[in-house]
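> Please find the sequence and the predicted model below.
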Amino acid sequence: MATPILKVENLQHVYPGGVVALRDVNLEIKPAEIVGVIGQNGSGKTTLVKHFNNLLKPTTGKVYFNGDDTAPLTVQQMSKNVGYVYQNPNQQLFARTVQAELEFGPRNLGVSEEEIQERCENAVEFFGLQELREKHPYRIGFPLRKLVGMASIYTMKPAVFILDEPTTGQDNITTQTVYRLIRRLRDEGATVVCVAHDMILLAEVVDRLIVMRDSLLIADGKPREIFSNHELLASTHLMPPQITELSLRMRKNGSASSPICLSVDEYLNAVKQLRAK
Amino acid sequence: MHGVAIPITMIPGNSIIHRTNPLAKLIWVVGYLVLAFLTRNPLVLGILTLLGLILVQMAHIWRGFLMVMRVLVPISLMLIVLQSIAPAFPRPWSPIISFAGLTIYREGIYSGLSLLLRITSVTTIAMILIMTSHPSDLFTSMQKVGMPYVLNFILTMTLQLIPILQQEFAVVLSAQKSRGLKGTGFGAVLPSMVPVFVGAIERVQQLSISLESRAFGSQGAKTSYREVAVTPKDYVIGAVGTILTIIGAYWIIVNSAALDWSRTMVFAPYFALTLFLGAFIGFFIFIVIVFRSILQA
């Protein structure tokens, strides 16, 4: 088996003031995996992912990147390995133009000027920012600003992307862009960790789900397993996507052979097959 | 993340000072202001500071108080440096020692020391007021004695915004670090300032809209959830503060000639030089520590 890109061992985090935010978390994330982290607010999701790029240091336990202990590294040193996209782009953006924003990260990493321009071209094309290049980041709408925030990490080409609620506050078009981005990142070999409440994202895009509750990691599995586990979801007040819920109730009420569906397409296929029988 | 923030807020407690009415304490603050600005005499200012420290001890707020002083005193040290070489004092000045093109004046040291003590004494009493009174109690009491509600509200909001901005700054700084921010000095912190200020302005705009939509500025007397009791003890404390201030002010004005020690206090050259260099180095170290702690936060 390949070395996990991120490995968390007996991680515990206690905030100053004594609030225990994480208790004994163990986790391995493989390269090119898309992992969703879910749980109620205050369950420890963000605290967990902040350990991945050293924004928080473990109180006890260890975090490994590619097999190496991250403890001696600073956030700046980790930033070329792990990119963190904040939930609120306003906390991340400061430059005068979108273009400058895209250049900031790679320039800090010491990437050559040619390479920076190439990466910016790529990012602009992928995120559809052609019109906005010379605009001020604060003059563009919130959804697009959020994309700029992601693009500014994208140009740093980290091995792991942490996306904190990437689709919150997005309209349908930008939400789709985010889904495409996440899939493309995986295709390019990157690992993606999403903290999210967007159930469609978690059902359709993510390979693996991690469920947090009361600072504990309580479940880890494929979305299909997690979303079909009613007791687990109820215990932490989560609802599966409506289409999954529908297919689960269909199974319960008679057609036990029908599959658990995560998307509308899957559901349509299932209905077609049932009819054909 | 927590290194930058200085909590200038109430420290809960149940000392006699905590239980005193905020207005009574406010009278003492005003008294301090009057006395501290009436005189430059180091002894009087020193006594005021000492009395303040006794009150700090009574209120058990040493921790918070020292955190503020840890920042304030090094900054004020710069006063000694500047005053020594360019006193804010009527000429003629009497030079003590000259070196490297700079001359240290006796009036300068005197003026620097008295300014330092003045700042320390006034801050001490102000910190006692702020750290032992719930902000709402303070503002409710001030409203009772005729402070306009709107002005009161502006002050409360401003005070509440400070800790929020401090937190915001920490978040923004970590966002920039996640983007590989490096280097030291002001240039490195600058990228974080922009989002903080933009955020603050946005916050204030939203606040004004939300205030309008909740009928801020409508007519009629405002009530407060918190009731502030006034006991006879508070009247006594307030009265004592007023009387002491009046007596003190009278005494200072009558004896102003005798209290002016600017021509009689003599400093040895070595003392002056040590003070000057010590203050300078102290200030310099402080600046270095601040930048390092901001960058490491």
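That came through fine.

> In the stretch 51-200 of chain B, where is pLDDT below threshold?
For the stretch 51-200 of chain B, applying pLDDT under 70 flags the ranges B:182-188.

> quick one, helices of it?
B:62-85, B:106-132, B:135-144, B:149-177, B:186-213 (DSSP state H, counting those that start in this stretch).

> Can you tell me how far the residue nearest to B:Leu207 when sequence neighbours are not counted is from A:Gln77?
Nearest residue to B:Leu207, sequence neighbours excluded (C-beta to C-beta, 6 or more residues apart in numbering or on different chains): B:Met157, at 7.3 Å. Any C-beta I mention is one placed from the backbone N, CA and C, and that applies to glycine too. According to C-beta to C-beta, to the nearest Å, B:Met157 and A:Gln77 sit 40 Å apart.

> Surely A:Lys62 touches A:Ala71?
Yes: using C-beta atoms under 8 Å, A:Lys62 makes contact with A:Ala71 at a distance of 6.9 Å.

> Would you mind telling me which of those two has more residues around it?
A:Lys62 (14 against 11; other C-beta atoms under 10 Å in any protein chain shown).

> got a list of what that one touches?
By C-beta atoms under 8 Å, 6 or more residues apart in numbering or on different chains, the contact set of A:Lys62 is A:8-11, A:69, A:71.

> Tell me the secondary structure at it.
For A:Lys62, the secondary structure call by DSSP: H, G, I helix; E, B strand; the rest coil comes out as strand.

> Is it bridged to anything, and to what?
A:Glu9 (DSSP bridges).

> A:Tyr84 too?
A:Ile162.

> Show me which positions of stretch B:86-98 end up buried.
Within stretch B:86-98, the residues that count as buried by 16 or more other C-beta atoms under 10 Å in any protein chain shown are B:87, B:89, B:93, B:96-97.

> Check these and tell me the two furthest apart.
B:Phe89 and B:Ile97 (17.3 Å; C-beta to C-beta).

> and A:Met212, how far is that from A:Val20?
Distance from A:Met212 to A:Val20, by C-beta to C-beta: 13 Å.

> re earlier: the helices of the stretch 51-200 of chain B: which one's closest to B:Leu244?
helix B:106-132 (12.4 Å).

> quick check: angle from that closest one to helix B:149-177?
Helix B:106-132 and helix B:149-177 are oriented at 100 degrees to each other (axes from the mean of the first three to the mean of the last three C-alpha atoms, to 10 degrees).

> B:Ile75 touches B:Phe286, doesn't it?
Yes: the pair B:Ile75 / B:Phe286 is scored as a contact, 7.2 Å apart, by C-beta under 8 Å.

> who's more crowded, those two?
Between B:Ile75 and B:Phe286, B:Phe286 has the larger neighbour count (other C-beta under 10 Å), namely 17 against 14.

> just how off-centre is the host helix or strand of the more buried one within its chain?
Element membership for B:Phe286, per DSSP states H and E: helix B:269-296. Centroid separation between helix B:269-296 and its chain, computed with C-alpha atoms, centre = their mean, to the nearest Å, is 20 Å.

> hmm, it touching chain A?
No: judged by C-beta under 8 Å from any C-beta of the partner chain, helix B:269-296 and chain A are separated, with a smallest distance of 8.7 Å.

> and the gap between B:Arg179 and chain A?
Applying C-beta to the nearest C-beta, to the nearest Å, the value for B:Arg179 to chain A is 5 Å.

> Could you do B:Tyr32 as well?
34 Å.

> residues from chain B in reach of chain A?
So far as C-beta under 8 Å from any C-beta goes, chain B lies against chain A at B:2, B:168, B:171-172, B:174-182, B:191-195, B:198-199, B:202.

> again, only this time at 7 Å
B:2, B:171-172, B:174-175, B:177-182, B:191, B:194-195, B:198-199 (C-beta under 7 Å from any C-beta of the partner chain).

> Give me the buried subset of these.
Here, 16+ other C-beta under 10 Å leaves B:171-172, B:174-175, B:177-182, B:191, B:194-195, B:198-199 buried among the residues of chain B next to chain A.

> if we take these, which one ends up nearest to A:Pro106?
The nearest one, if we look at these relative to A:Pro106 and count by C-beta to C-beta, is B:Gly180, at 8.3 Å.

> List the contacts of that closest one.
A:76, A:79-80, A:105, A:108-109, A:156 (C-beta atoms under 7 Å, 6 or more residues apart in numbering or on different chains).

> A:Thr236 too?
By C-beta under 7 Å, 6+ apart, the contact set of A:Thr236 is A:39-40, A:211, A:213.

> now with 6 Å?
A:40, A:213 (C-beta atoms under 6 Å, 6 or more residues apart in numbering or on different chains).

> And for A:Gln40?
Counting by C-beta under 6 Å, 6+ apart, A:Gln40 makes contact with A:236-237.

> cool, A:Ile162 as well?
A:49, A:52, A:84, A:193.

> cool, A:Phe52 as well?
So A:Phe52 contacts A:6, A:82, A:162 (C-beta under 6 Å, 6+ apart).

> Count residues in the vicinity of the closest residue in space to the first one that isn't next to it in sequence, would you?
Using C-beta to C-beta, 6+ apart and skipping the chain neighbours, the partner closest in space to A:Leu6 is A:Ile29 (4.3 Å). Here the neighbour count serves as a burial measure; for A:Ile29 (other C-beta under 10 Å) it reads 20.

> B:Ala175 reaches A:Phe94, doesn't it?
No: under the criterion of C-beta atoms under 6 Å, B:Ala175 is not in contact with A:Phe94, lying 9.3 Å apart.

> pLDDT weak spots in chain A?
A:1.

> Please, where are all the strands along it?
Here chain A has its strands, by DSSP state E, at A:6-14, A:20-29, A:34-38, A:60-65, A:68-69, A:82-85, A:160-164, A:191-195, A:208-213, A:216-221.

> now the ones you listed as JSON lines including distance to B:Ile17?
Shown next, in JSON lines, are the strands of chain A (distance: least, C-beta to C-beta, whole Å):
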{"stretch": "strand A:6-14", "distance to B:Ile17": "33"}
{"stretch": "strand A:20-29", "distance to B:Ile17": "35"}
{"stretch": "strand A:34-38", "distance to B:Ile17": "48"}
{"stretch": "strand A:60-65", "distance to B:Ile17": "41"}
{"stretch": "strand A:68-69", "distance to B:Ile17": "50"}
{"stretch": "strand A:82-85", "distance to B:Ile17": "45"}
{"stretch": "strand A:160-164", "distance to B:Ile17": "44"}
{"stretch": "strand A:191-195", "distance to B:Ile17": "46"}
{"stretch": "strand A:208-213", "distance to B:Ile17": "45"}
{"stretch": "strand A:216-221", "distance to B:Ile17": "44"}
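
> quick one on the thing from earlier: mean neighbour count, the helices of the stretch 51-200 of chain B: which tops it?
Highest mean neighbour count among the helices of the stretch 51-200 of chain B (mean count of other C-beta atoms under 10 Å in any protein chain shown): helix B:106-132, with a mean of 22.

> next one: stretch A:170-177 to chain centre, how far?
With C-alpha atoms, centre = their mean, you get 15 Å for stretch A:170-177.

> Can you list the buried residues in that stretch?
Buried residues in stretch A:170-177, counted by 16+ other C-beta under 10 Å: A:170, A:174-175, A:177.

> residues contacting the nearest residue to A:Pro31 once chain neighbours are set aside?
Once flanking residues are discounted, A:Pro31 sits nearest to A:Ile5: 4.6 Å by C-beta to C-beta, 6+ apart. Residues in contact with A:Ile5 (C-beta under 6 Å, 6+ apart) are A:29, A:31, A:66, A:191.
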